[in-house]
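**Q** need a structure here:
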Amino acid sequence: MRKAMLAILAAAVLAVAPVRAADQAPANDTAGDGEVMEWLDEVHEQGSVGVRRASNWVDHFFDDERTAAEENRSRVRLRMTAGVEEGDGVDFEPRANIRLHLPQLSNRLNLLFFASEDENPEEDSTRPDPDVRGDNNKKDAAVALQYFLRESDKSNISVTLGGSYDYLYTGVRGRYLKEFGPWTSRLVSQLRYYTDNDWKFLNSLDFERPLSERWFFRATGQLDWIEEDDELPGGLLFRLYQALDVDKVLSYEWHNSFDDVGNEDLSEVKLQVRYRQRYLRDWLFFEVSPYVKFEEEEDWNTVLGFFGKIEIIFGFSGTGNGDRVDDPGSPDRDL
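**A** As a prediction, the model looks like this:
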């Protein structure tokens, strides 16, 4: 009975793991429980690697801030964005950020340059409130030093010290992963102190899983605290990614923004489709995104919009070959 239960559990793991682990099953039906458990552990680990690989591929293809904040290597990103909403004109904006790895000083140290705070790789562009994102009143170029205290698949901790000509900031950022079968949860917390507007505490929690070789689902909850505000802004996002091929991906997204989560104060609902393509070279991308949104301050009337961007990335760019996935067997790096 015990072996039968183990076999059923192994079959369930294999049903969601994007690997062909059946070929690695013990060939001897009389293998002991220890061998069965060892094989089951290996199947689970391979399934976990597959889940992490799918997540990393999606994040690097879209150059997601949550992975950019953890890159301990040199890279440059140049971006030109254009956006238009119903009733408004077209808004063009060039953006740039530079990350320089400094191995001569420390293998954990990076020097960051960004054209504005919203290009800071530690800032999440999906956050609904511009005051939370930092792009409401910090449009000036800034520089920062980032030091990694810990780097591993499961967790990442870094501290940052930086600023611009009229403010300084310091902060700590932590990320923790936990796997539940085919699901992975990801908690990211970031505490910041600014000399011009005090403290911010930003939190996000992801639940995600691959649905097949071409489909990937992610749900994200956000909850933030800003010292100067009496509210708790946040968001609830659902994203479904469809890989058309290694160079083209669609993302179907549903964003819900709250001015105050405690009072269930829903302020905006946004539905959008993002199409992103790598074009001609591994380092050149373009993206288009039509959307419709409904805002409380506009009496929930329909607002149509369109957003597009072109990106050039020097250094690492996601290639879809899994070359950015960390080896799960490598030791953690701690202080």
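
**Q** switch to C-alpha atoms for all contacts and neighbour counts from now on
**A** Will do.

**Q** Run through the strands of the stretch 51-200 of the chain in chain order.
**A** Secondary structure of the stretch 51-200 of the chain (DSSP state E, counting those that start in this stretch): strands at 75-85, 91-101, 109-114, 142-151, 155-163, 168-180, 183-194, 198-210.

**Q** same question for the third one, mean pLDDT?
**A** Think strand 109-114. The average pLDDT within strand 109-114 is 88.

**Q** what packs against that strand?
**A** Packing contacts for strand 109-114, counted by 3 or more C-alpha pairs under 8 Å, 6 or more residues apart in numbering; DSSP states H and E, involve strand 91-101, strand 142-151.

**Q** Run me through the strand neighbours of that strand, direction for each.
**A** Strand 109-114 sits in its sheet next to strand 91-101 (antiparallel), strand 142-151 (antiparallel), going by DSSP bridges.

**Q** CSV for the helices and strands packed on strand 109-114, including distance to residue 183?
**A** Output for the helices and strands packed on strand 109-114, formatted as CSV (distance: least, C-alpha to C-alpha, whole Å):
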stretch, distance to residue 183
strand 91-101, 31
strand 142-151, 22
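
**Q** Could you export these as a markdown table, including mean pLDDT, distance to residue 182 and mean neighbour count?
**A** Formatted as a markdown table, these follow (pLDDT from 0 to 100; distance: least, C-alpha to C-alpha, whole Å; neighbours: other C-alpha atoms under 10 Å):
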| stretch | mean pLDDT | distance to residue 182 | mean neighbour count |
| --- | --- | --- | --- |
| strand 91-101 | 87 | 33 | 17 |
| strand 142-151 | 92 | 23 | 20 |
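
**Q** Tell me which of those lies nearest to residue 179.
**A** Nearest of the helices and strands packed on strand 109-114 to residue 179, taken as C-alpha to C-alpha: strand 142-151 at 17.5 Å.

**Q** burial measure for residue 65, as a count.
**A** As a burial measure, residue 65 scores 19 neighbours (other C-alpha atoms under 10 Å).

**Q** that older thread, how about the strands paired with strand 109-114, which one is nearest residue 84?
**A** Nearest of the strands paired with strand 109-114 to residue 84, taken as C-alpha to C-alpha: strand 91-101 at 6.2 Å.
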